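In: here's a sequence, model it:
(one chain, ligands or ions: 1)
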Amino acid sequence: MSPDTRTSQTIRVCSLEDISLGQSKGADINGHRVFFVRQADRVVAYHNRCPHLGIDLEWLDDQFLDADGQFIQCAMHGALFLIDSGLCISGPCQDQSLSPIPCHIIEGDVFIELAPS
Ligand code: FES
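Out: The predicted structure is shown next:
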């Protein structure tokens with residue numbers, strides 16, 4: 001993914017088709033480590049930082065989901081997070097949440113809103 005800055009804060013990430021249905025994808029955008037999960041024609045975005053230890057969630061590139069694709073999973077201690085809200089429902093950071101990033105799809109492209117770094 002090569003970001004295309006539209007304005008100072010709204011950033012085009014990629015085409016919706018670049019994120020496979022039911023899959024996740026990580027990226028480093030303007031110094032922010034982020035990841036995306038696509039469900040149907042909706043994409044959610046979070047900062048790639050586990051609320052337990054503040055580290056990256058994934059061990060393998062673009063692998064942010066559990067085996068069934070039902071939850072976001074931290075690879076370190078297995079915390080499970082709801083895809084829609086980022087709330088941790090199981091694990092050492094239960095009841096804490098991932099940090100969401102506003103994410104929009106406009107004419108088939110995925111955009112996020114990030115504070116300038
Ligand atoms: S670092 Fe994510 S669950 Fe421990």
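
In: measure the closest residue to residue 13 other than its chain neighbours to the ligand for me?
Out: In space, and not counting its chain neighbours, residue 13 is closest to residue 110: 4.6 Å by CB to CB, 6 or more residues apart in numbering. Every residue, glycine included, has its C-beta placed from N, CA and C. To the ligand, residue 110 is 25 Å away according to CB to the nearest ligand atom, to the nearest Å.

In: next: residue 79.
Out: In terms of CB to the nearest ligand atom, residue 79 sits 4 Å off from the ligand.

In: likewise for residue 72?
Out: Taking CB to the nearest ligand atom as the measure, residue 72 and the ligand are separated by 10 Å.

In: same deal with residue 96?
Out: On the measure of CB to the nearest ligand atom, residue 96 and the ligand end up 10 Å apart.

In: which residue packs closest to that residue, ignoring adjacent ones?
Out: residue 51 (4.0 Å).

In: follow-up on the earlier one: on the three-state scheme, the residue nearest to residue 13 is what?
Out: Here residue 110 is strand, with the state taken from DSSP: H, G, I helix; E, B strand; the rest coil.

In: that one contacts residue 44, correct?
Out: No - using CB atoms under 8 Å, residue 110 makes no contact with residue 44, being 10.5 Å away.

In: okay, now residue 29: neighbour count?
Out: For residue 29, the neighbour count with other CB atoms under 10 Å is 19.

In: any low-confidence regions in the chain?
Out: Applying pLDDT under 70 to the chain picks out residues 1-8, 117.

In: mind naming the longest strand for it?
Out: Counting residues, the longest strand in the chain under DSSP state E turns out to be strand 32-39.
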